[in-house]
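Colleague: missing the sequence, but the structure's below:
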């Protein structure tokens, strides 16, 4: 999911960095559209959207297989892809349940992972310009990939087209491959013998890797690993992950109290950028 | 039954945060601190989940074939392999190490 990188970069990019676009009512507020100055026709938007939707949609196989290996029933696996429809949260929920976590503890971890979608929605809402029923329907598709494609478009028509085509392709394929993956895993029998229990952590690592850009992210990840593993034998299943989430505010707190000279070069630059907002 | 409760809670919670983003006035979530925290939370959660699922077995820590699989996935990521290739590398290497062991 290389597109992940773009969207996770985005919350840090100040909107004010492109003040000239604010004069154009329909222009995206990020800096991503510089690469397509002439505006793109519908076919190019659809091509991008299909590329992302198909590539990521196929990874529903990995989810279906992982869920089946974690003793989640076929109906439950399909319900997750249909109604949760945000990959990392689905994987997190399934693994927490497999580890014996209570239902609400497991759901809490999945919920915190899904919270980033609120920030995509925030950026998309102005660009999509949806009201009432359309907004309530569109909300279900506000995830990493639809946001990455939609935010890269210029103009409301292209944003809506990119969002809709990515969302429809991804939703259709993700649910189809979830079903096929779960059915395939049932046919395989012991999924651990096939190494399929390594699919879940590999998915998490693939989602995590593009986020580890500066010392702040790496310190957060390192502390979270220590907390997550260290507390595993001590706390009830599912709880260590929630405690590990505290690594984020802890690292931010320490980082903000560090003298600017001791923060890494890039960290310092980013903080200065934020302070100037 | 408890699995259905977990699924229901997750589906409802995840949908509501998506809708929240589309519905709240822009200023509310646009504070730099809130945004930085929102970007860092997935980092902490994903790192902890990766480590636990690689080294956990029935609530104790073990080193088994999954660690080799994860190393293969990390290597694939360093070479900027596509998502499915990364996952396949982890699965194949884990299965291979188990077959040999």
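Modeller: Happy to help now that I have it. None of these values were measured; they are calculated from a predicted model.
Colleague: grab the nearest non-local neighbour of whatever residue of the stretch 101-250 of chain A ends up closest to chain B.
Modeller: In the stretch 101-250 of chain A, the residue that lies nearest chain B is residue A:121 (2.2 Å; Cβ to the nearest Cβ). All C-beta atoms are positioned from the backbone trio N, CA, C, and that covers glycine. Excluding the flanking residues, the one nearest residue A:121 by Cβ to Cβ, 6 or more residues apart in numbering or on different chains is residue B:21, at 2.2 Å.
Colleague: isn't that neighbour right next to residue A:118, touching?
Modeller: Yes. The criterion here is Cβ atoms under 8 Å, and residue B:21 meets it with residue A:118 at 3.8 Å.
Colleague: which one of those two is surrounded by more residues?
Modeller: residue B:21 (23 against 20; other Cβ atoms under 10 Å in any protein chain shown).
Colleague: helices or strands up against the helix or strand hosting the more buried one?
Modeller: Take DSSP states H and E as the rule and residue B:21 turns out to sit in helix B:2-23. Other elements packing on helix B:2-23 under the criterion 3 or more Cβ pairs under 8 Å, 6 or more residues apart in numbering or on different chains; DSSP states H and E are helix A:74-79, helix A:87-98, helix A:103-114, helix A:116-128, helix A:132-138.
Colleague: looking at those, which is buried most?
Modeller: helix A:87-98 (a mean of 27; mean count of other Cβ atoms under 10 Å in any protein chain shown).
Colleague: tell me how far the helix holding residue B:21 lies from the chain's centre.
Modeller: 18 Å (Cα atoms, centre = their mean, to the nearest Å).
Colleague: quick check: buried residues in it?
Modeller: B:3, B:6-7, B:9-11, B:13-15, B:17-22 (16 or more other Cβ atoms under 10 Å in any protein chain shown).
Colleague: wait, a strand at residue A:213?
Modeller: No. Per DSSP: H, G, I helix; E, B strand; the rest coil, residue A:213 lies outside any strand segment and is coil.
Colleague: show me what residue of chain B gets nearest to chain A.
Modeller: For chain B, Cβ to the nearest Cβ, closest residue to chain A: residue B:21, 2.2 Å.
Colleague: ok so, going back, mean pLDDT lowest for which of the helices and strands packed on helix B:2-23?
Modeller: When the helices and strands packed on helix B:2-23 are ranked by mean pLDDT, helix A:116-128 comes last with a mean of 86.
Colleague: pLDDT score for residue 24?
Modeller: You didn't pick a chain, so chain A it is. 34.
Colleague: to clarify, I was referring to chain B.
Modeller: Confidence at residue B:24, expressed as pLDDT, is 84.
Colleague: any stretches of chain B with poor pLDDT?
Modeller: Where chain B drops to pLDDT under 70, the residues are B:26, B:29.
Colleague: need the strands for it, in chain order.
Modeller: B:56-57, B:60-61 (DSSP state E).
Colleague: the last one pairs with which strands?
Modeller: With DSSP bridges as the criterion, the sheet partners recorded for strand B:60-61 are strand B:56-57 (antiparallel).
Colleague: got the domain ranges for chain A?
Modeller: Chain A breaks down into these domains under automatic domain parsing: A:3-211, A:214-277.
Colleague: what's the most buried one of those domains?
Modeller: Note that of those, domain A:3-211 is the most buried (mean count of other Cβ under 10 Å), with a mean of 21.
Colleague: count of neighbours near residue B:79?
Modeller: Applying other Cβ under 10 Å, I find that residue B:79 has 9 neighbouring residues.
Colleague: what separation do you get for it and residue A:58?
Modeller: 20 Å (Cβ to Cβ, to the nearest Å).
Colleague: residue A:136 now?
Modeller: Using Cβ to Cβ, residue A:136 is found at 28 Å from residue A:58.
Colleague: next one: residue A:237
Modeller: Distance from residue A:237 to residue A:58, counting by Cβ to Cβ: 31 Å.
Colleague: repeat that for residue A:151.
Modeller: 23 Å.
Colleague: how about residue B:32?
Modeller: As for residue B:32, its distance to residue A:58 is 36 Å (criterion: Cβ to Cβ).
Colleague: ditto for residue A:140
Modeller: For residue A:140, the distance to residue A:58 (Cβ to Cβ) stands at 20 Å.
Colleague: for residue A:142, same thing?
Modeller: Per Cβ to Cβ, residue A:142 is found 21 Å from residue A:58.
Colleague: over to residue B:17?
Modeller: Residue B:17 is 26 Å from residue A:58, where distance means Cβ to Cβ.
Colleague: centroid-nearest residue for chain B?
Modeller: Nearest to the geometric centre of chain B sits residue B:46, at 4.2 Å (Cα atoms, centre = their mean).
Colleague: now do the helices in chain B.
Modeller: B:2-23, B:32-55, B:65-78, B:83-100 (DSSP state H).
Colleague: ok, now which ones touch residue A:240?
Modeller: Contact analysis of residue A:240 by Cβ atoms under 8 Å, 6 or more residues apart in numbering or on different chains lists A:227, A:228, A:229, A:230, A:231, A:232, A:234, B:48, B:52.
Colleague: need the residues you listed in JSON lines with distance to residue A:257, can you?
Modeller: As requested, the contacts of residue A:240 are exported to JSON lines (distance: Cβ to Cβ, whole Å):
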{"residue": "A:227", "distance to residue A:257": "20"}
{"residue": "A:228", "distance to residue A:257": "24"}
{"residue": "A:229", "distance to residue A:257": "27"}
{"residue": "A:230", "distance to residue A:257": "24"}
{"residue": "A:231", "distance to residue A:257": "25"}
{"residue": "A:232", "distance to residue A:257": "29"}
{"residue": "A:234", "distance to residue A:257": "29"}
{"residue": "B:48", "distance to residue A:257": "24"}
{"residue": "B:52", "distance to residue A:257": "29"}
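Colleague: thanks again, I'm all set now.
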